[in-house]
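A.B. asks: here's my sequence, what's the structure:
(one chain, ligands or ions: 1)
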Amino acid sequence: MLLTFDDGYANNAEVVLPILWKHGFPATLYVSTGLIHTPGYLTWPQIRELSAAHWDIASHTVTHPHLPRLSKKAQRAEILAARARIEQELGRPADTFAYPYGEYNRATLRILRKAGFRYAFTTQAGWASSDQPPLELHRIVVDSQKPFEDWVQQLTDATST
Ligand SMILES: [Zn+2]
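C.D. replies: Reported below is the predicted structural model:
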């Protein structure tokens, strides 16, 4: 089971971290580095705190763009600059990825493959599994507007398929 949190909202450190720490769960943060230190988003000291609590910190681009609308060159800059910044700040590999809005095209996949990213998450609903391409893994999305019971049901449904 892997818990992933996208974008880098401040509540990941303020609310999520203490709860998961209490239960002994790490998580993965997919952060858009251009949002760091803007209102409502994490700061680098908070991200270091998550990293120290065994969270993996990885790339969700710099500016959270719709990647397929960008040139290949611009996509590469978005993807690699975010990874480089995280690795520079934390001194740990940031070689996995989550697509902003779940959007990607063939150029995106080529960039990730060439740069040696190990796996990447889409927003395709369902469990990730070994028969999915590593750069196109599925996830079960938690919708905060829906009741907790719905999410439990979603997990159960996904298990049985
Ligand atoms: Zn996002």
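A.B. asks: what's near enough to touch Phe25?
C.D. replies: The neighbours of Phe25, taking C-beta atoms under 8 Å, 6 or more residues apart in numbering as the test, are Leu3. Where C-beta positions appear, they are placed from N, C-alpha and C, glycine not excepted.
A.B. asks: and it, how far is that from Phe5?
C.D. replies: Distance of Phe25 to Phe5, computed by C-beta to C-beta, to the nearest Å: 12 Å.
A.B. asks: how far away is Val62 from Val16?
C.D. replies: 23 Å.
A.B. asks: what does Leu42 give?
C.D. replies: In terms of C-beta to C-beta, Leu42 sits 11 Å off from Val16.
A.B. asks: ok, those two, which is more surrounded?
C.D. replies: Leu42 (26 against 18; other C-beta atoms under 10 Å).
A.B. asks: tell me the pLDDT at the more buried one?
C.D. replies: pLDDT for Leu42: 98.
A.B. asks: equivalent analysis for Thr28, please.
C.D. replies: Reported pLDDT for Thr28: 98.
A.B. asks: who does it bridge with?
C.D. replies: In this entry, Thr28 is beta-bridged to Thr4, Asp56, by DSSP bridges.
A.B. asks: let's have the chain start at 13 instead
C.D. replies: Yep, numbering from 13; the last one is Thr40 now.
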